[in-house]
Structure formats: C-alpha cells, structure tokens
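> Give me coordinates for this.
(chains A and B)
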There are 2 protein chains.
Amino acid sequence: MATRTYPEFSTKYPLLLKTIMKRPVAIYPNEIGIVYRNQVTGRYQRFTWNEWYRRTCRLANALKKLGVRAGVPGEPGDRIGTMALNTHRHMELYYAVPCIGAVLHCVNVRLSLEHIVYTIQHAEDEVLFFDDMLLPLVEAIYDRVKDKVKAFVYMADGTQLPTTKIAPLYAYEALLEAADDDFAWPDLHEDTNATLCYTTATTGLPKGAMFTHRALYLQTVHLIALANFSNDPTTARLGENAVPMIITPLFHIHGWCQPFAFVFGAHKIVLPGTFTVDGFCELVQTEKVTNASVVPTILALLLEYKDLDKYDLSSLVGLGVGGGALPLGLKEKIEARIPGARAGSGYGMTETAPATVISFVKKYMRDWPKEKLDAVRVKTGLPVLGMEVEVVDGQGNCVPHDGKTIGQIVVRGPWVMEKYYKNPEKTAEVWYDGWFHTGDLATVDEEGFLAIVDRVSDLIRSGSEMVPTVLLENLAAMAEFVLEAAVVGVPDPVWGQKALAIIKLVPGSGKNENDLIAFLKAEGVDKGKITKWMLPKLVAIVDEIPKTSVGKFSKRHIRDDIERFLAKAVVIKEA
Amino acid sequence: MATRTYPEFSTKYPLLLKTIMKRPVAIYPNEIGIVYRNQVTGRYQRFTWNEWYRRTCRLANALKKLGVRAGVPGEPGDRIGTMALNTHRHMELYYAVPCIGAVLHCVNVRLSLEHIVYTIQHAEDEVLFFDDMLLPLVEAIYDRVKDKVKAFVYMADGTQLPTTKIAPLYAYEALLEAADDDFAWPDLHEDTNATLCYTTATTGLPKGAMFTHRALYLQTVHLIALANFSNDPTTARLGENAVPMIITPLFHIHGWCQPFAFVFGAHKIVLPGTFTVDGFCELVQTEKVTNASVVPTILALLLEYKDLDKYDLSSLVGLGVGGGALPLGLKEKIEARIPGARAGSGYGMTETAPATVISFVKKYMRDWPKEKLDAVRVKTGLPVLGMEVEVVDGQGNCVPHDGKTIGQIVVRGPWVMEKYYKNPEKTAEVWYDGWFHTGDLATVDEEGFLAIVDRVSDLIRSGSEMVPTVLLENLAAMAEFVLEAAVVGVPDPVWGQKALAIIKLVPGSGKNENDLIAFLKAEGVDKGKITKWMLPKLVAIVDEIPKTSVGKFSKRHIRDDIERFLAKAVVIKEA
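As a prediction, the model looks like this:
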C-alpha cells in the first residue's frame, strides 16, 4: 500500500501571509476592519472584514487577468509597484499581491524624483498602482518608467479615469467590479518572495531588500508574542479590542509590520491617508484610537498643535516611537499633554523588516517608581523575541555591558534580509562573519539594554575621542524650551571635528544659545551623563530642521547645506 | 569577488528549541526559574535561570560523552527515554536532549507494564533516564529492555547509586559534576526531530508521534501570541510575572507545550513532582502560583479536598482545563471555591503536539453578562492561531455551523504530526484527503465555536439516532450533587445501544439515581439542550470512575468491567 503523508500540511506547513489574511474574516466577518479617512476631503470609508476580504479576492483576480506571474523560491514573481498613501486600497494590495505569489514593491513617494525612478527601474515593476492625488508625480516620471511598466492602475473612489498621457491606464474600482469576489489562494512555498523595500539612502542609491512570506509571517507572530510578555504595569492590555491607527507610511518598511500584525490581531485598523495633526486628532476622537506608532517628529508636531486640547484623545493609551531615539524630555512632554498615553521606543531598519530592538520593562522592574522606570523605557531596549542582536567592536567581539563602551549593532534572525536585490557588492559590505552589520552604534548596559548612540557615519570624531550625537540630541530635548535638537560634526582645525547643535525652540520660550549650553552642563556634565569636551562648540537656533522622507533628522541635508547653518550659529566661548 | 550571503542566519534562520532555552538566561540570569518540590519529602529546590542553563549544558556534555548521536531531517538522532515526574531534572532533559540533536522520548509511566516495554522497544531508546522513586518500575521491565538500552541513568539528589541489577547504571548528578558547564549548541536544521510521544492507546498498541524543532517552536510562539489576543475582561494579564505550575505530566504530550512556552516566557516555573492535593495547595500558597493547567478530574479532587480552605490560594487566577471537556457545573463550582480563579477549556491530542482548539472570548463579547460569557467559555473553543481546524461529514464536507450537526474534527497546521513513527498503516488511517482525522466528534455553532461531543468510538448508537456522551456528562456535572459523571453505551436488544450514566456524588449529598434523571429532564430536556430519548436508561452510583493514565474517564476500562457497573445500575423506568 502506498502511504501518502502530508509534510506540507503538517510539520512543513508553509508560513504564508494568507494565513494572516484569513483570520479576521473567519472570526469577525461582520465587524468593521478597515476605516479610511481621506485627508483631503475628510470623507470616511468603512469596510467589514468580509468586505475587505472580498475586495482583496477581486483584486487578486484582477491581477491574474493583468497577467501578473507568481514566483518560486529564489525566482521572484512579478514586481508590482504601489505609489500610495495609507488607504484601504493599499491594504488590499498588501495582501492580494504577495498572496498570489507576486512581489509588492511599495515605492517611497517621498524620495527624490531621481530615486523614485531609480527604484521602479531597478525593481522592474510590471504594474504600477497609484493614488489619484499622486497623478502629477506619476506623470512626472512616466516617460522614464513607461518602457518597463506594462500597466498603470489609477486608485480613486469612482471608475472614471482622468485625462492623462499615462497608458495603458486602468481604474482600480472598475477592475474590482469586473472581477469575481472569490479566489483560490495558492499554497505557495514559504520561501516565495513577498515584498521588496528600498532603503531611504542617506548616502548613494537606494538599495532593495526582499522579504519572503516566511520572514514576514515570523516577524508578525514574534512581535505579537513579545507583546504578551510585557510587564509594564502602565501598559493597557486591550487584546483584539485595541484600535490602532497606522501612521507610519505603508511604503516605509512594511509600515513597521503593522499591516500584518493588526490584521492577524483582527483589530479595527484606522488609516489616515497621510499624517496631519488635525486628521490625527479627529480620527483618535471619532474612532476611539488606542494605539499609534510614530516618528519622534510627529510627537513634536502634536506638542506644537494649538488645537490639541479641543479633541478628546482619552482613548489613546500607547504611542510606539521608531525611526529615531525617544528622548526622555519628549516622552514626558507628550505624556503630560495626552494623559493616559504611554510612549515607548523601538529600533529597526529596512534590512531587518524592521523589528530588531524594542523598549521593554523587565519583570522585576514592575514596582519601580515612575522616574526610574521611565529611564528604562526610553532606552532603545532589548532584542525582539526570536532575533539575535549583539554590539561588537572592530574585531567582532562583544563590547562590555557597561553602558559606556560604544560598538556596532549586528543582527541575525528569521526576518533579516538575506541579500540586497541585484547588488552583491553592497551585500558583502553588510553581511560578513555570520552577522548583518547595521552601521548603527550603541552601548549595552549591565541589564542588556541597548541604547543607540549614533550612525557610524554621523559620529563626530573630536581629537581621539568620539562624540555620540544622539546622546547630545536626547539630552537637549529634555530641556523644556527645546522642541527638536540635531547635532552634527563640522570641521575644526585643531580637533578635526567639533559639534554643532541645531535647535528648534518651543515657540515663545524666550531662550537662547547659552541657555542650551547651561542646560547641557547642569543636566549632562554635572550629572555625569556626558563629559565637558562633548559640549557643542556651536549652537544654531532655526525654524526648521531638515528631515528625511520618513521624518528622521536628515544629517545629509544638514551637511549639504552646512554653510547656512554655520551662518546662524553662535560660537560658545567657554565650551 | 565571491559574495557569501547568509540564508541560514536570515530568512532561513532555523526555528530551534535552543532559541527558547537561551531567552531566560540572557534576560533573567539571576532570577529563580525553576522551583521543584519533592512530593514525598516535601523538600524544595530552587534554581536561577543561569543555574538551570549551566546544568543543562553539563547534561549536554554528559550525553555526548555517553555517545548520543544527533539526527538530520528524516533521520532521527538517538532516542533518549525518560521515566520521570515533573522535576527540575526532567526540565533539563527537555532541552539538553533535543538541543544536541537527539530525540526526547518521555515514557508514559502510567501505562501498563506491557505498553511501557512496548514503547521503549518501539522507540529503540539508547539511554534511559529514570527517577529514583521509579526504580522498582525500571527493575520490573529491565530484562525486556536491557538488550537495546545501552545506559541507564539514575536521577536522585546525590551521586550515590542504589543496589540493583540494572547495568550499566550512572548517577545523574555524578555525570553533571564531571561535565563542563558550557556547551556549544549546534545549529541544527529546523526539521531535525526533537521529541517522540506515544498515544495512550485507548484501543490497540500505543502509536508514536515524532515532532521536529520547527513544529514545537511554532506551536510555542503561536500559543504565546494567541494569549495576547485574549479579550476576556476577567482574565488577569501578568506578562512574565505569571507563575505557572506544571501539573500536566511532562511525559504527556510535551506537558501540553508548557515546558516550552513557560521557558520562552521566562516565568518562574513551579514543578510539583506529581500532583497531590496538599502538595498543590502548599505550592500555590508558598510560590504564589498564578496559573495551572489540569484535567477535569483534578478540579474534582480539589473540590473534594476537606482542607482546601486552610490554604491561601488567592494568587491563582487561571486554570486551563484539557484532556476532557470542562462542564459548566464544574467551572462554576471551582470558581466559587477559589475566588479569583477562572477556568477555561482546550482540546488537543498527542498527534497535534497538542494545541488545536482553545477557549476564546470574542472581542464583542467583552461586555456580555457573566452567565452568557460562561456559556461561551465552556465551549471547546476556536482553532488555535496558525492551525486549520474543520468539522466534516463522512464525505469530507464541512458540517453546517448550526451548533447541532455532528461531524469529525479534522486538522492541519505546522505542528501536526506528519506520520506515526514506523507505522505507515496507522498513518494512512488518519492522514488522507489532505487532513489529519482526529476521531473526535464535534459541532460548530454560528460563531465558529467548536464543542466536542464525543470520540467516534464512544458515541452511543441508539436506533438510528446518536447519543453524544460528552453532552450528557457535561449536563450531569452541572448538578450540585454530582462530582463526576461518565456515560457509556451498553447493549440493548431493541435499540442496539442505550446510555448508562455512572455517577460519583458529592459526599453527603443524599441524592439518588432518580434525582439525576430529574435534573437531566429539568435542565436538559425542558431547556432544549437534549432530547428525551437521549436520557440514560441506566444509572449507577459509584465511589470511583476509572481513569486513563492522563486522568480522563477511561471508557475502555469501564467497558472492560461493564458487568460490575451494570450490577450497580438502577433501571430508570420512565426514561
């Protein structure tokens, strides 16, 4: 008798995004799953999980009709580009594209035109989906991508198409209307490629990182599991009743994994299109949003917003902060303005999908006083469950866990990118000795907590010493009168480099450059957090600090424009 | 330039039990991780995570010295048998054996001698570890296993060996003393076999189910993630501060995955050796135990225990019930006796590692009144995250979700056994049409909740109708005067079979057979939960109901001894 076993349905059951997609429609078919507010019109659209799933099935059928081909391990399926904000349609693409075996390439529309064109050409996108409001952008790049892209899809509420040179052009809603609302999702191999994300390229060209179904599935389930270990007594535990708003752009490293984690969790997901302070506040109030993940800049924008107190933001309990360190000062300010909300930090990068290190409270800290606990919470944190993270010196040895010695963060784990897409040279620069080298610098304390101090490329070398800019930035942000602070190195004839602090003040604070130095002395030098020679030698007060496309301080733009900042800078005599 | 990428450290990073093992020692090296109370001497032993990890390293070195060989996918490593209770040493074996690449075979010491010998012979155990208190048992089987087993290891507190015919015999503590306390754990392939569990064999011989590192790792991380989705407002959320006691024997289906989930969660794990009511109560009081998973019988034992109120059990918040349905009556009784504790149900089997279906509260039920919620909580539940579970008719079609139609539970998912070890015939009986067939019967209601009604083999066929025995048992257990209730079919000249209810009364209740029938009529027939023809035609009141080695009602033993029960049975006239 021939005995057939089923490894593919048992111990080798593939880890696929379709398993994530199918959970909410199985458990909560008639509950609202997706709420989208158009930030231009203010119009709301709401979809039950069944409606979202049916639309996703229709989209899958439409993609097959467009001739989109599936991949196999090692041979990616067709790349499907998206130029879209955080909309319900983008959330449909997030599942339909990978679950038919194709590769989702979310184009970072905040890159320069040059880089946008480069990533579409490099990815060789076969189809490009774009939001109606991004039509001018697509028209601007059309001539340089039209040879490869064989179909464009216009995403708007109706089935009408605009008058444009773009061709062939399809209307998203017309494609869905014409398609069947059921789809037999294939049993892909778990190593099939699912997504392609490009770095924001602080130097050089964007690099592509491709991820498999397995990698994204494992990241998702580990992040959810890790949340269960949380010991923080002030963290509200809402189960599936949490209502998250995805503010992180969906084109930015899988929206920090939120589109996967929140669908698996069957939460009501709130999508704001793009972030605006009033849109954010309105959505929190209307949808009773409980959680949001943001870059530090967004917290600063909220603090600046004069109408903040007009909204009922009392439902908000959790603010995850990534894409930059969470200064204690900023944490305290936002928690004072939005009582009940708790801010925690995290760290990751495109190549790590991104979850790597996350704020954590150890179980024996549960009863610590708030001040002591807050000092733990603003540390970058501990390695994410399932991920190996170490901080090493130039020889690859772990630095001592003393909270002082700086080393480079290296990682490995199930959702670290295997290689840059079509770029073996850059791959070899980051993957060696069995570790992925992040290029980020950190210390590790006695308890194992990492604290990011800088990018390798941003570190200021002053004499034989190194000035970690993030440390100074976090310290400066603790001052009540400081809204944002960036520190960069500028040439110095004696020391090689010296620190320039660029500061945005709280409006009406009436403070000046010397007040900053006085604060850094009192809170930093006198309390042993920094040494005297680390103090900035120059301070510039500005109205705006340049940011990258994802809201981090853009040190590259600051350096490109350094003469302008130096012109505004005041030389600190005694420092 | 040769470009080396690292698939084994990135997207193909293996899912191994060593990742689970290493988490607590990395985060909580100096916290108490394992507490073991010897149920005979009452002596406590406590180990920090570092101490546990170091002992596990020593054990790994000792195993290598004994010549234990690692496996590769498809070719299991040496099988290492354990005959042990829930001790700290057993928890060391749980990690050292699989993490060196060998296969852990926890012998179910509650099986018959015949079956114990059979499983050791069938597994071809190379080494056999056993507890000092099980020496007589090992001596009793020695002659029949000595040819294959090449080393025996005696597990006691000292390094002394007993006088015995067993040879070659090593002392566990002497092996550890002689071994190095560091070990370079290999990077195994995730499909390497890790464990071998035998079924308890309600009919025929025990069958072996082998599990891979990947399967066990995925079960663990999914179970932890699922706990995070919990919406039950009365469920205490303690994070890593939960203090679980593992009562489920470690030789029973990976102790229901608890040795993996609780190590990953770095909880303080309390081990009672074997379950005794006084030992349980003392440990809860001393160690502030918060959670325990039990078979229904143990709840009945606690309810019977006259000294229960002398202990402070207030730390206890969660009681997971598996290995049998959780009757609402039993849930209510135990929650009344241990205020603060909440009992929930689950379902699984050896072949599914075991997590399959678990009690769940949907998010919109959060504010339901207690009575309505309790009715949900005692349902067997929803499929465990990551697992596909369906209930099908004889043609493999899903039964309607009406809460009435009975079908067989079929499952597939990452931790379902691929095949019975060396048993293609039995494999073919359960694995066909792409599903593992459990042999258990259930209904599915409109909300997708499964309710187990019976084993296929236990179902009573009365005329053309089927009497689900578990339904009757659960209903009977709701009576205040009923402590335990088992229902079996006995021959009937007219109907083919009829139902015999075997009842253990609450001591001093003063109730009789007709009171049971009156209760079943009032609560069952009159309320539409059962039909009149389902009522037992015979009722026997007994002092003890036979149980299997894992504490379930043993219908096989009841049937084997049916004359004795029929002799005690009272014929119910009007039923």
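
> Look at the residue of the stretch 451-575 of chain A found nearest chain B and report its pLDDT.
Closest residue of the stretch 451-575 of chain A to chain B, C-beta to the nearest C-beta: residue A:451 (16.7 Å). For glycine as for every other residue, the C-beta is placed from the backbone atoms N, C-alpha and C. Predicted confidence (pLDDT) at residue A:451: the value is 90.

> and the host helix or strand of it, which residues are buried?
Using DSSP states H and E, residue A:451 sits in strand A:450-455. For strand A:450-455, the neighbour count (16 or more other C-beta atoms under 10 Å in any protein chain shown) marks A:450, A:451, A:452, A:453, A:454 as buried.

> Show me what it packs onto, helices and strands only.
Contact partners of strand A:450-455 among helices and strands, from 3 or more C-beta pairs under 8 Å, 6 or more residues apart in numbering or on different chains; DSSP states H and E: strand A:435-444, helix A:469-477.

> tell me the most buried of those?
helix A:469-477 (a mean of 24; mean count of other C-beta atoms under 10 Å in any protein chain shown).

> what's next to it, contact-wise?
The contact list for helix A:469-477, computed with C-beta atoms under 8 Å, 6 or more residues apart in numbering or on different chains, reads A:325, A:327-330, A:378, A:452-454, A:458-460, A:482, A:484-489, A:499, A:501, A:503, A:516, A:519-520, A:523-524, A:529-530, A:534, A:536, A:553, A:555.

> Mark which of the residues you listed are part of helices, please.
Assignment to helices by DSSP state H places the following of those there: A:328, A:329, A:330, A:516, A:519, A:520, A:555.

> I'd like the helices and strands packed on strand A:450-455 laid out as CSV, including mean pLDDT.
Output for these, formatted as CSV (pLDDT from 0 to 100):
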stretch, mean pLDDT
strand A:435-444, 94
helix A:469-477, 86
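
> possible to save the ones you listed as a markdown table with distance to residue B:67?
Converted to a markdown table, the helices and strands packed on strand A:450-455 look like this (distance: least, C-beta to C-beta, whole Å):
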| stretch | distance to residue B:67 |
| --- | --- |
| strand A:435-444 | 34 |
| helix A:469-477 | 53 |
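
> Looking at the ones you listed, spot the one closest to residue B:84.
strand A:435-444 (38.4 Å; C-beta to C-beta).

> What is the least confident helix or strand in chain A?
The weakest-scoring helix or strand in chain A, judged by mean pLDDT, DSSP states H and E, is strand A:465-467 (a mean of 74).

> what helices or strands is that strand leaning on?
Strand A:465-467 packs on strand A:460-462, going by 3+ C-beta pairs under 8 Å, 6+ apart.

> Parallel or antiparallel, list what pairs with the strand it packs on.
With DSSP bridges as the test, strand A:460-462 is paired with strand A:465-467 (antiparallel).

> List of residues touching the partner strand?
With C-beta under 8 Å, 6+ apart, strand A:465-467 has contacts from A:406, A:459, A:460, A:461, A:487, A:489, A:497, A:499, A:533, A:534.

> Flag every buried residue along stretch A:162-179.
So, applying 16+ other C-beta under 10 Å, buried residues of stretch A:162-179: A:166, A:169, A:170, A:171, A:172, A:173, A:174, A:175, A:176, A:179.

> same thing with stretch A:129-147?
The neighbour-count check on stretch A:129-147 (16+ other C-beta under 10 Å) flags A:129, A:130, A:131, A:132, A:133, A:134, A:135, A:137, A:138, A:141, A:142, A:145 as buried.

> do stretch A:335-345 as well
In stretch A:335-345, counting by 16+ other C-beta under 10 Å, buried: A:335, A:338, A:341, A:342, A:343, A:344, A:345.

> cool, stretch A:242-262 as well?
A:242-262.

> got it, and stretch A:398-414?
Neighbour-count burial for stretch A:398-414 flags A:399, A:401, A:406, A:407, A:408, A:409, A:410, A:411, A:412, A:413, A:414 (criterion: 16+ other C-beta under 10 Å).

> so how far is residue B:491 from the third one?
So the one you mean is residue A:406. Applying C-beta to C-beta, to the nearest Å, the value for residue A:406 to residue B:491 is 81 Å.

> before we move on, the earlier item: please check the contacts of helix A:469-477 and keep the buried ones.
Listed as buried from the contacts of helix A:469-477 are A:325, A:327-330, A:378, A:452-454, A:458-460, A:482, A:484-489, A:499, A:501, A:503, A:516, A:519-520, A:523-524, A:530, A:534, A:536, A:553, A:555; burial here means 16+ other C-beta under 10 Å.

> gap between the two ends of stretch A:455-474?
15 Å (C-alpha to C-alpha, to the nearest Å).

> pLDDT below threshold where in the stretch 101-250 of chain A?
For the stretch 101-250 of chain A, the stretches flagged by pLDDT under 70 are A:201-203.
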